[in-house]
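Chemist: A predicted structure for the sequence below; I have some questions about it.
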Amino acid sequence: MTEAQAPTTTAEVAGMGHSMKRKEDPRFIRGQGEYIEDVVLPNMVWMDIVRSPYAHATIKSIDASEALAMPGVLAVITGKDLEKAGLHWMPTLAGDKQMVLPVDTVMYQAQEVAAVIAETRYQAADAIQAVYVDYEPLPVVVDPFKALEPDAPVLRPDRGPEKANNHIWHWESGDRAATDAALAASDRVVPIDVYIPRIHVASIETCGCVADFDPVRGHLDFHVTSQAAHVYRTVISLVSGIPESSIRVKTHDIGGGFGGKVPVYPGYVISIVASLTLGRPVKWIEDRSENLQADSFARDYHVHAELGLQNDGTITGLRVKTLADHGYSDAAADPSKFPAGLFNVITGSYDIPQAFVEVDAAYTNKPPGGVAYRCSFRVTEAVHTIERLVDEAARVVGMDPAAFRMKNFIRKDQFPYHTPTGWDYDSGDYHTALRKALDLIGYDELRKEQAEKRARGELMGIGISSFTEIVGAGPSHTFDIIGIKMFDSAELRVHPTGSAILRLGVQSQGQGHETTFAQIVAEELGIPASKVKVEEGDTDTAPYGLGTYASRSTPVAGAATAVVSRKIREKARHLAAHLLECSADDLEWTNGKWSVRGSPDRFKTIAELAFAAYTNHPQGMEAGLEAVDYYDPPNLTFPFGSYVCVVDIDKGTGQVSVRRFVAVDDCGNIINPMIVDGQIHGGLTMGLAPSLYEEIPYDENGNNLAGTFMDYLLPTALETPAWETAKTITPSPHHPLGAKGVGESATVGAPPAIANAVVDALSHLGVTHMDIPLTPHKVWRVLHEKGVA
Amino acid sequence: MQFQGTVEINAPRDRVWAFLMDPDRVGSCGPGVESIEVVDAEHFKARAKVGIGFISARFNVDMTIAERTEPERAVIKAHGQAPGSAVDATANMALSGPGEGPTTMDWSADVTISGTLASVGARMIEGTANKMIGQTFDCIRTKLEAGG
Amino acid sequence: MTTQHVSVTVNGAVREADVEPRLLLVHLLRDVFGLTGTHTGCDTSNCGACTVHVNGESAKSCTMLAVQANGASITTIEGMEQGGKLHPLQQAFWDQHGLQCGFCTPGMIMQSAWLLGTNPDPTDHDVREGIAGNLCRCTGYVNIVKAIQQAAAELRASEPEGAGAASA
Amino acid sequence: MIPGQFEYVRPGSLDEALRILRDREGEAKILSGGYSLLPLLKLRLAQPALLVDLQAVGGLDGIARTDDDWRIGGRATHRRILEHDGLAAEWPIIRDTAGGIGDPQVRNWGTIGGSCAHADPGSDWPAVVLALRGSFTCRSAGGERTLAARGFFLDTFQTAIDATEVLTEVRLPHAPGRTGSAYVKLERRAGDFATVGVAAVLTLDDSGRIASAGIGLTAVAETPFAATDAEAALVGVVAHDEAFGVAGGIAAGQARPTSDSHGPAEYKLAMVREITARALRLAASRAHGTA
């Protein structure tokens, strides 16, 4: 358990453990990144989209004649136009379908209704004002509980008479009977109701694309801000009928993804249709309101959970019932077998004998989604619930929340640990991480300070979160997206003069892949990371991969990179044997060279071997030094951490401020410590955001009330505390590098620490739970009800 | 949004009723109305520039006299659209008092605002809608009392 | 559509164009002049990704018309590197891992440059206040603050005593 | 988001600007800093035919101290006001306010005249000018008039300025002796529109009683307004926390907040009470010279 393992390579080679400065930064700091809006093609035209003011309405007619007569306008596309080609609906990643453009009914406010193509973006923006759509409003269903009532309007009649309701699916995990029995036999059962509201990733770059169909070559170049280029290519081929070999998806630089750039949005399909129709490149860049109103949301889970306890604080069982609001279509980006993602990791860091989890999903008049918000597959919802519930349980049995966790943690010697909902945790040491976090923040002193402040009537709270993440989807026997198994890939070519190019199926959106993946090759082969070019995001050149989300890049593509490097190393060994005239069995690998065991002065470096691979390879051996690996992980990885947060509450206004926040993370072995810390800083900030500021609320008519950054409140530098980070290191036993993935841990772990701190600050008033975001007016209301404010 | 109020109109009840049933006259009291087109006895269309200060949007409004119980009660429905926004309203008006006046009009309005205006202008909409509706009924009173 | 002639000095060079009065400055820079380092992130002047300098003052170029900038001197991220040498802020953002996806970075660097021009020796709180109009979704700001402080120290060291405040 | 079409002129003098406003009355809209106007144009919530940019009109951005009052040019930016030491020394409330408007870029370009003439119900300056019983000088081709701040803000986005006038100057009185002033703004996030903002000014007499009080509230009605009932209740009272709490309650009686993303109306009323008391406390401590 150290802060970081010592690097074994030189600073020049910069393998694992080196805080190498990022190779991608020179272009970004000069303003020379190439984001989607920077893509300009000859003869390119612009698309803009007419959107519905209503959350639910019949389209009686669309009159585009005035728009079509406006300067520069080339075409107006409606659902009826797409219907002729069967393109008015498209499949979602979750096996549902969603409208590309509606033919007769709009399902949410700001839904796409028609698209205008014009020579310039200003002309297109003018023309959408002149497309007249006549609507007849229909009853709006905003509340998922009401959606499931028998008399609720059926939102999706397209599913046929046998599904004449708004229930999408039911999913469960664990042993219901055993859990019921365990809870019945418990000394007490602690319940909690948690709502985890709808939020939006709101990457600073919105979504957009340029569809460029060349009618002569019959080829589509599709430039897009996507986290999963290959999946897009497959989906586009399936929907459009264009052979996959005639489609190239290119992603360029991506201005933040966080899960919001996994789905295929209607605007993408429309722009492709427009390019097919006009034979010209069509550009569509959504504005911020379109992004906040129509792109895939995250969360929106209503959870009821109960924890069984013995009087001594031992947890006996966990029972969870959840309602998921999916909007009008289930467009979650979850693996097929997991409609509620990995929500059943909800037993968390605790040794819980029995658990049962069930989730039902409902349609409402809201945009579709259910994607990540920097968190894989519903893990945030799970972690928030169990970490809030554990705090509440500790309070009920009169234990300190830290002590309660220590008592119920899975012990280090229990790993690999099989959970009652079916996961096999690879490795962990939860006690050490929590102890370290408590020590760093000075927990005992803070409790004393809190007691003193309480006596003076001041409000201060300390919150803990000890989370277990589940990342690295996934083992292909279990995980797929629309049927495509969730492996990932790496192709490595070592050039004659000793530099190399690594091509990957994943996609950086700021995680620094060009640096970290080069460092893996450097670690494994001794080629300096500066000489390893990393290329992603071009389906014509990269091997097929599932993309970057759910913290899967390091667990899956990182493993593929290690394995492909080892394949190269193995071939180099035979080259070395040939050059050194010895048996391959007599060679050993150290520091980037093969040397004869016992004769360290007889060696060949990887650069020499690379040259030989093209100039002096033995007869019968294939020339060249390249390999490809499609890595199928044997298991998921389970990063974890313990966070402690201190908040102060302004009694008069209900404002919460985070005074300190200590994050101890364990993501196994670390490739680049600087980048890992950066990921944690960002993840913590995206954990702070929905805890205190961000929410997408709807009024009773289905209007999105946070449609600009004036109302959807991203934290600025002033709201964001100076995060304090530390590490423990518990390698993954099954990952070739012992790494686990880290990008989302902090977003998962931070919200319950903050919420627990706020509830802790108010607990002496009898407050047992509050839902995030913990806005001033919500906190004030509680204080008011308790007679404090 | 629900609004309601009472207006005392110093005019005979049948004159008030006739005013309310006349699209041109009642329409002229609608906020920002620029033109009115009578389709038939129950339906008329209006074009209105609705706004607050220099912020405004031009709505095409379809109005329907949905119920009429002469000379006691009327329900008028309005459905207006502007680019990106829509307004739907149902106004109930109940007349009472001696036939020669003064006439008491109890009114209530249920207003739904959809789209950009609701999404972006939430912090200003309620007060503005309230004011516009109040102005409409004040206008009706004023015109009637002036002999209109 | 009537157009108006605008002439601006961008990163030291005079650039001219005939534009619609409603053309946003950010679109003049990006779409007309091809300077795509300046980004658009929010449309409502909250995010600061479009920050440039207009006559030495930081401005959000999505909330300024091109015609408003007519006659002005504009500096964009592309004008920060001088003679093949990175501006100390560019270097510091790189050194301190002050960026991840890089999308907010040009605006953040331009705002930081303005900040250090007006306050060469800021506290961390001053720095956070100075970039409160620039949103970053990736970094959590910790390393951005470090980067700005690194650049501030370097700029102070390279300026003669008392001359720092004049170098906006 | 792309604005609709409009014409643009940049007159070189105030007279020229006023001539244009007169000739194009009803069509022309003044453009000052643009940070309030441009987002509305981009959302297409406003579509004026002509924008009259005042940037080339000289002489409107000064801050001058006369024997009678302070005269702040309508085109003085928030930042210029923020950095004016003389103004801050006499009226600390000015620095409180200027430093909290928007963000640095907004403060670099946004102007006090633009902000007051725009009359967003949540804007900060109007509350201050109301509390200080300042006035606005407006000029048209026909001449100049001075309008007291109290009575100037008619409704949301509506003031007493005529369409042919330019707000050329904001006038603030000199602070009498034993005067303290403060602006306290409750906001969800740095630089946002206020949940409630309270501008308070107190002048004490020799006995420590309140000789005069000014309270301006923002974001809790259709328009910023002076809490006149609370002001009246404070006069003659010893400056004390309890009196400030009472004044907050009275101020809430004049507020008409609506529910929105900042919170329900009930919360806002409570915040009027709380923030008014805080602003008065800070103003009083400044009057006493203890803050």
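Modeler: Yep, that arrived.

Chemist: right, and A:Thr615 touches A:Pro496 too?
Modeler: Yes. Here A:Thr615 reaches A:Pro496: they are 6.8 Å apart, a contact under CB atoms under 8 Å. (C-beta placed from N, C-alpha, C; glycine too.)

Chemist: of those two, who's got more company?
Modeler: With neighbours defined as other CB atoms under 10 Å in any protein chain shown, A:Thr615 and A:Pro496 compare such that A:Pro496 has more, 14 against 9.

Chemist: And the pLDDT for C:Glu161?
Modeler: If you check C:Glu161, the pLDDT there is 57.

Chemist: Next: A:Val742.
Modeler: 93.

Chemist: Show me which residues of the stretch 1-150 of chain D are close to chain C?
Modeler: Taking CB under 8 Å from any CB of the partner chain as the contact definition, the stretch 1-150 of chain D meets chain C at D:1-8, D:10, D:31, D:34-35, D:38-39, D:41-43, D:51, D:53, D:55, D:102-106, D:108-109.

Chemist: Which members of those are classed as buried?
Modeler: D:1-4, D:6-8, D:10, D:31, D:34-35, D:38-39, D:41-43, D:51, D:53, D:55, D:102-106, D:108-109 (16 or more other CB atoms under 10 Å in any protein chain shown).

Chemist: By residue count, what's the longest helix in chain A?
Modeler: Using DSSP state H, we find that the single longest helix of chain A is helix A:559-580.

Chemist: Of the buried ones among the residues of the stretch 1-150 of chain D next to chain C, which belong to helices?
Modeler: Going by DSSP H, the helices hold D:Leu38, D:Pro39, D:Leu41, D:Lys42, D:Pro104, D:Gln105, D:Val106, D:Asn108, D:Trp109 from those.

Chemist: Return the residues in contact with residue 53.
Modeler: Here I'm looking at chain A. For A:Pro53, the contacting residues are A:Gln109, A:Tyr135, B:Gln81, B:Gly84, B:Ser85, B:Ala86, B:Ser114, B:Gly115, B:Thr116, by CB atoms under 8 Å, 6 or more residues apart in numbering or on different chains.

Chemist: oops, I was thinking of chain C
Modeler: By CB under 8 Å, 6+ apart, the neighbours of C:His53 are C:Ala59, C:Ile74, C:Thr75, C:Thr76, C:Met110, C:Ala113, C:Trp114.

Chemist: before we move on, the earlier item: and the contacts of A:Pro53, which is closest to B:Phe44?
Modeler: Nearest to B:Phe44 out of the contacts of A:Pro53 is B:Gln81 (CB to CB; 15.6 Å).

Chemist: returning to what we had before: please list which of the contacts of C:His53 are also close to chain A.
Modeler: Answer for these near chain A (CB under 8 Å from any CB): C:Thr76.

Chemist: want to throw the contacts of C:His53 into a markdown table with pLDDT, neighbour count and secondary structure?
Modeler: Output for the contacts of C:His53, formatted as a markdown table (pLDDT from 0 to 100; neighbours: other CB atoms under 10 Å in any protein chain shown; DSSP: H, G, I helix; E, B strand; the rest coil):
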| residue | pLDDT | neighbour count | secondary structure |
| --- | --- | --- | --- |
| C:Ala59 | 98 | 30 | strand |
| C:Ile74 | 98 | 26 | strand |
| C:Thr75 | 98 | 21 | strand |
| C:Thr76 | 98 | 25 | coil |
| C:Met110 | 98 | 30 | helix |
| C:Ala113 | 98 | 24 | helix |
| C:Trp114 | 98 | 24 | helix |
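
Chemist: Which single residue in chain C comes nearest to chain B?
Modeler: Per CB to the nearest CB, C:Thr44 is where chain C lies closest to chain B, at 9.0 Å.

Chemist: so that residue touches A:Gly707, yeah?
Modeler: No. Using CB under 8 Å, C:Thr44 makes no contact with A:Gly707, being 9.9 Å away.
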